[in-house]
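K.L.:
Show me how the following folds:
(2 chains)
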2 protein chains.
Amino acid sequence: MTTESEEKALRYRRAQSVSKAEEITEQEKKVRKLQLDKPIHTPRDSLFSWSSEFNDFTGLVNWGFLMLSIGGVRLGLENFLKYGLRVNPLEWIIVLTGYNEGDRSQYPSVILIVFSIVPIVLSLLIEKGIAVDLIPNKLGIILQITHLLLMVLLPIAVLHYRGNDFSFVGITSVCMLYLIIFLKLWSYTQTNYWCRLGLKKKYSDTKLRRQSLSAPNWNKLVSAEQEQSKEDLINDTPAAARLTKYPDNLNLKDLVYFMLAPTLCYELNFPRTARIRKRFVIKRVLELFFGINLALALFQQWMIPTITNSVETFTKMDVIRITERLLKLAVPNHLLWLCFFYLTFHSFLNLMGELLQFADRKFYGDWWNANNISVFWSTWNMPVHMWAVRHVYKPITGMGFSKFNAGLVVFAISALFHEYLVSVPLQMFRIWAFLSMMAQPPMAVISRTAEIKLGARWGNLMVWSSLILGQPLAIMMYYHDYAMLHFKPTVEVP
Amino acid sequence: MTTESEEKALRYRRAQSVSKAEEITEQEKKVRKLQLDKPIHTPRDSLFSWSSEFNDFTGLVNWGFLMLSIGGVRLGLENFLKYGLRVNPLEWIIVLTGYNEGDRSQYPSVILIVFSIVPIVLSLLIEKGIAVDLIPNKLGIILQITHLLLMVLLPIAVLHYRGNDFSFVGITSVCMLYLIIFLKLWSYTQTNYWCRLGLKKKYSDTKLRRQSLSAPNWNKLVSAEQEQSKEDLINDTPAAARLTKYPDNLNLKDLVYFMLAPTLCYELNFPRTARIRKRFVIKRVLELFFGINLALALFQQWMIPTITNSVETFTKMDVIRITERLLKLAVPNHLLWLCFFYLTFHSFLNLMGELLQFADRKFYGDWWNANNISVFWSTWNMPVHMWAVRHVYKPITGMGFSKFNAGLVVFAISALFHEYLVSVPLQMFRIWAFLSMMAQPPMAVISRTAEIKLGARWGNLMVWSSLILGQPLAIMMYYHDYAMLHFKPTVEVP
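P.N.:
Numbers count the residues shown, from 1 in each chain, chains lettered A, B, ... in the order given. Here you go, the predicted structure:
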């Protein structure tokens, strides 16, 4: 093949010869049109030839989505013909309530959920103790960290002794709840600590200012006066008067609001909306109702048979069959994830926000346009992203560590939490969730390179691929191990 | 739900109240930023809320094509696991050459293909006869029409007596060839007829002009002089001198060139290119070689098992199963059609055009962007479209009939040809191909309405749907009947 410049030269020469030829044949054309045989042919190129310079293929986008829909409808019909109707709402109620055939009086998940009030109140009491100087600052912080870590480990301990009383959905909910409380109380403790630090600095600044006023020095005086006017703005304007100040925020009402609010980052004065829009609430409730039913139906009808069928394949380690199963699982898994994303991050968090008149609704960015994996991770889950930046990344860079190291710590903590959410409910300590999270930073580098070298479209395609194919791979690996542990293999391994 | 105007008013009121609230809280915001708790929340909407006015979903196009690719790869693997490798080039050579186990000496398709020279030469001889006044004009035209109709009916007659000696591919090729020759010779005859008509008119005009010159009338003289100058342009310029004039075109070389040229419309002076681009030829040859192999592989591996499996389903007339089969067949059938389209209309016709230095390469328009079915039919197959307009539509409207009626006649003739191409090779006279072509004008009206009422995108989607779903429906109906006739049903009809 020729290089680009050669091709350009060729095109130029061709265009020139065409224009000359055109001049010559101009008259001929005119004459031709007047001939008796009603001529209709004129020299022109086919649209697919590069020389036609045609590039309107907008219809192909419609084609793509139509082919996708046809494939989807056919898969649905095939599934229905193969498995019949498997959707059974009753079964879900049983699973969701942790109802257990053997021992009906036990609802350990419910007890653990109710028990979560204890660490919340304990956290408030410790903060209160520090604020009124009952507990020294350092001891208070050690107490907070210890009791938060104990809280997160509690489900593991309970599970160890009463493992058989838990339903899978029950223990997953407990783990999720305890993790969210951990993140929220961490933010609560750290924010209150910042307030105390700030007040202490302000107190010593004021003292310094007074000293400088008693022994006047003009330069210092001016800067001190500027400080004072800033101070006035913060404290003495009507707007400032309406704001809650530390330690007035240390009360149960404020903490409960934060616990319910759709954010993981505590602050003393959340932005609020003027009113609750009833129509908005109704829409979100309807979305939740129908969306959850759709997701559960998809799960029962499509995911479960596919996963069940794939265990045998994974045992045999046949690469082609595993790939086929993986791709088959990828589609319903991805659709379920999309349902879950919309229901959680749009419907549910917006509903909570509306009911609590919480004004900051940036629960997600436009991750679907993300051109590399870093952008995806910093936009798909804004509450966790904001928490990680405010309470992990910035404190670490503030201590003088590099941004790269801070980023690694964020991913490592995130990886630990993912492992916690998977391993504890499955009662099976593998490190695959941890490893797949730790694989994200190198993948981010690869996708960033793809974006720069090949263009934004390829970066975006890499993000989607890792999302669509990465999850089912992890799910199948965990499910395979789980099935190997809990059920006897029905096939002999050759 | 509210009407549009109500919603607008609501939005306006809301925007007003927001701006007022903003003024009030402007100072508060400033103060908040300076607080000790490092606040990060600001009032903002979620992207999916209409109030955010966010609408950048370009990433979803990538998502669509990725999901499509994943589905495609999985289907391929599933097919391979189920049926193994079915591609067998040897088998195709046997089928294509019409090799017959029972009687090896018979190649009736080849004989019929060679015989097609006879009507071509005959047509030239009749034209020559008319031109030299050996055959009267009217008789000549009757002769031409008769022998052309006889030619098209010849394969049917041969098939009737020697049906078992034909392979399916062989007889299909014969029918296709005879139909193309019919269309080309029709155009040849009609164009030569136009030339004779024109010459006759010119002759009588010249006579009139001479008469008017002998008895001068100034007005007539001026118009006659204008006529004369136009006449000069047509006949006496160097450009005109290079053009072939009737009846000089009536020779074998000219006719053979037309028979090989990638067009169905005859004219005396085709536009020609300056040279044969060798690279262009090589590219088209490679496309043809690999494309045909790909298409045959797709057909053996994907289409045949799917069609075979569907016969039983059609016999049972189970609506859900038929729909599932139809959608399953739609995908490979459509891909094959796309292969066929590209190979025929781009690779093959461009190759012929390049080799013959035929300059008009408009073998197809941008039918993929067609927003209604009429546009599709007038762009996907330009040779047939141009033939139909020049030799059917315009002559009919020229006779004073309405455009609508002329359009109907075009579709009826096209329907007849489709039926011919399907029924003769299958030796099974159903009218489904005819009916599906005759269903196109009403569908064109429906899709045009959809385009106007719902927008261009919906019109385009209708065109694609009819293309993707219409064909497999017809194929399955024909195949079902064919199987019912030739094989014993393996299932009992309940």
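K.L.:
Tell me the secondary structure at A:Gln35.
P.N.:
The three-state label for A:Gln35, taken from DSSP: H, G, I helix; E, B strand; the rest coil, comes out as coil.
K.L.:
list the contacts for it?
P.N.:
By C-beta atoms under 8 Å, 6 or more residues apart in numbering or on different chains, the contact set of A:Gln35 is B:Ile234, B:Leu243, B:Glu267, B:Leu268, B:Asn269. Yep, even glycine has a C-beta here, placed from its N, CA and C like the rest.
K.L.:
my guess is the third one contacts A:His41, does it?
P.N.:
If I follow you right, that is B:Glu267. Yes: counting by C-beta atoms under 8 Å, A:His41 is a contact partner of B:Glu267 at 6.4 Å.
K.L.:
Those two: which is more packed in?
P.N.:
B:Glu267 (23 against 19; other C-beta atoms under 10 Å in any protein chain shown).
K.L.:
Helix, strand or coil: sort out that one for me.
P.N.:
Going by three-state DSSP: B:Glu267 is coil.
K.L.:
Need the phi and psi values for it.
P.N.:
In terms of degrees, to the nearest 10, the main-chain angles of B:Glu267 are phi -150, psi 160.
K.L.:
Tell me who's in contact with the closest residue to it other than its chain neighbours.
P.N.:
Excluding its sequence neighbours, the residue lying closest to B:Glu267 (C-beta to C-beta, 6 or more residues apart in numbering or on different chains) is A:Pro39, at 4.3 Å. Contacts for A:Pro39 were tallied using C-beta under 8 Å, 6+ apart; they are A:Arg32, A:Lys33, B:Glu267, B:Leu268, B:Asn269.
K.L.:
Low-confidence stretches in the stretch 151-300 of chain A?
P.N.:
Applying pLDDT under 70 to the stretch 151-300 of chain A picks out residues A:212-237.
K.L.:
if you set the cut-off to 90 instead, what comes out?
P.N.:
A:156-173, A:198-247, A:292-300 (pLDDT under 90).
K.L.:
Quick one: name the residues of the stretch 251-400 of chain A near chain B.
P.N.:
Listed as neighbours of chain B in the stretch 251-400 of chain A under the rule C-beta under 8 Å from any C-beta of the partner chain: A:263, A:265-271, A:273-274, A:320-321, A:323-324, A:327-328, A:330-331, A:334, A:342, A:345-346, A:349-350, A:359-366, A:368-370, A:386, A:390.
K.L.:
For the buried ones among those, write the corresponding PyMOL selection.
P.N.:
Those of those that count as buried under 16 or more other C-beta atoms under 10 Å in any protein chain shown are selected in PyMOL with:
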select buried, chain A and resi 263+265+266+267+268+269+270+271+273+321+324+327+328+330+331+334+342+345+346+349+350+359+360+361+362+363+364+365+368+369+370+386+390
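K.L.:
Out of the residues of the stretch 251-400 of chain A next to chain B, name the ones that lie in helices.
P.N.:
Among these, the members found in helices (DSSP state H) are A:Ile320, A:Arg321, A:Thr323, A:Glu324, A:Leu327, A:Lys328, A:Ala330, A:Val331, A:His334, A:Leu349, A:Asn350, A:Met386.
K.L.:
The first one - nearest residue in space that isn't next to it in sequence?
P.N.:
Here the nearest residue to A:Ile320 in space, its sequence neighbours aside, is B:Leu77; by C-beta to C-beta, 6+ apart that works out to 6.2 Å.
K.L.:
List of residues touching whichever strand or helix holds that neighbour?
P.N.:
B:Leu77 is located in helix B:59-83, with elements delineated by DSSP states H and E. Helix B:59-83 is contacted by residues A:61, A:64-65, A:67-68, A:71, A:320-321, A:323-324, A:327-328, A:330-331, A:334, A:366, A:368-370, A:457, A:460-461, A:464-465, A:468-469, B:301-302, B:305, B:331 when judged by C-beta under 8 Å, 6+ apart.
K.L.:
got it, and stretch A:300-314?
P.N.:
By C-beta under 8 Å, 6+ apart, the residues outside stretch A:300-314 that reach it are A:79-80, A:82-83, A:85-88, A:91-92, A:321-322, A:325, A:328-329, A:332-333, A:336, A:475-477, A:479-480, A:483-484, A:489-491.
K.L.:
hmm, 6 Å instead?
P.N.:
A:79, A:83, A:86-87, A:321-322, A:325, A:328-329, A:332, A:476, A:479-480, A:483, A:491 (C-beta atoms under 6 Å, 6 or more residues apart in numbering or on different chains).
K.L.:
And the residues you listed, which of them are buried?
P.N.:
Buried members of the contacts of stretch A:300-314, scored by 16+ other C-beta under 10 Å, are A:Asn79, A:Arg321, A:Ile322, A:Arg325, A:Lys328, A:Leu329, A:Pro332, A:Met476, A:Tyr479, A:His480, A:Ala483.
K.L.:
Nearest to A:Ile171 among these?
P.N.:
Ranked by distance to A:Ile171 (C-beta to C-beta), the buried ones among the contacts of stretch A:300-314 are led by A:Tyr479 at 16.5 Å.
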